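*Asks:* Predicted coordinates and the sequence they were generated for:
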Amino acid sequence: MGLLEQLTSSSDGIVPEGLRQLFKRCSSDYNISISFCEIYMEEVYDLLCVDDRKLTIRENAQKETFVENLLKIRVGSCEEAYKLVNIGLEHRRVAEQKLNRNSSRGHALLTVYLKPNSGPAPTAKLCFVDLAGSERLK
């Protein structure tokens, strides 16, 4: 995913293109929401939340895994989605390494939720994952 650079309407890559296509094809039939979290040092953090509290991974009665208290924010346009992603990017933990000036320290999960405006259809989720790299590889 390479989510370390700010997104704009002209950004290239799978995340900006994925968001553009979702809004182009689905925005009139679905409510679209976004969550953005990071797993750093085996702890989960909400990248859209101002405070830096650790979150807990839980399982509900239907055996679905979720992050408790993770913000899920409704967006009405691709531009709003970009703004949220950019807020999350500002909260990511990065450090300079020999091979990479802005190396991500944790894994990031950007999840897009699509809930139909009408009918009993379930919510769909699309998850973009950015795995932290290892600069120690030789």
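*Replies:* Received it, and whenever you're ready, just let me know what you need. All of these numbers come straight from a predicted model, not from anything done at the bench.
*Asks:* Can you mark which positions in the one helix or strand residue 15 maps to are buried?
*Replies:* Per DSSP states H and E, residue 15 falls inside helix 14-26. By neighbour count, with 16 or more other C-beta atoms under 10 Å as the criterion, the buried positions of helix 14-26 are 15-16, 18-19, 22-23. Every residue, glycine included, has its C-beta placed from N, CA and C.
*Asks:* So for it, mean pLDDT?
*Replies:* Mean pLDDT, taken over the full extent of helix 14-26, equals 90.
*Asks:* tell me which residues of the following helix or strand past it are tucked away?
*Replies:* Later in the chain than helix 14-26, the nearest helix or strand by DSSP H and E is strand 30-40. For strand 30-40, a neighbour-count test (16+ other C-beta under 10 Å) marks 30, 32-40 as buried.
*Asks:* ok, residue 50 - how many residues close by?
*Replies:* Around residue 50 sit 8 other residues, with neighbours defined as other C-beta atoms under 10 Å.
*Asks:* what's the answer for residue 86, then?
*Replies:* Residues contacting residue 86 under the criterion other C-beta under 10 Å number 14.
*Asks:* how far away is residue 54 from residue 79?
*Replies:* Residue 54 sits 31 Å away from residue 79, going by C-beta to C-beta, to the nearest Å.
*Asks:* Residue 68 now?
*Replies:* When distances are taken as C-beta to C-beta, residue 68 and residue 79 turn out to be 30 Å apart.
*Asks:* If you count surrounding residues, which of the two has more?
*Replies:* A count of neighbours by other C-beta under 10 Å puts residue 79 above the other of residue 68 and residue 79, at 13 against 10.
*Asks:* quick one: that one is in a helix?
*Replies:* Yes - counting by DSSP: H, G, I helix; E, B strand; the rest coil, one finds residue 79 located in a helix.
*Asks:* ok, now how distant is it from residue 23?
*Replies:* The span separating residue 79 from residue 23 equals 9 Å under the rule C-beta to C-beta.
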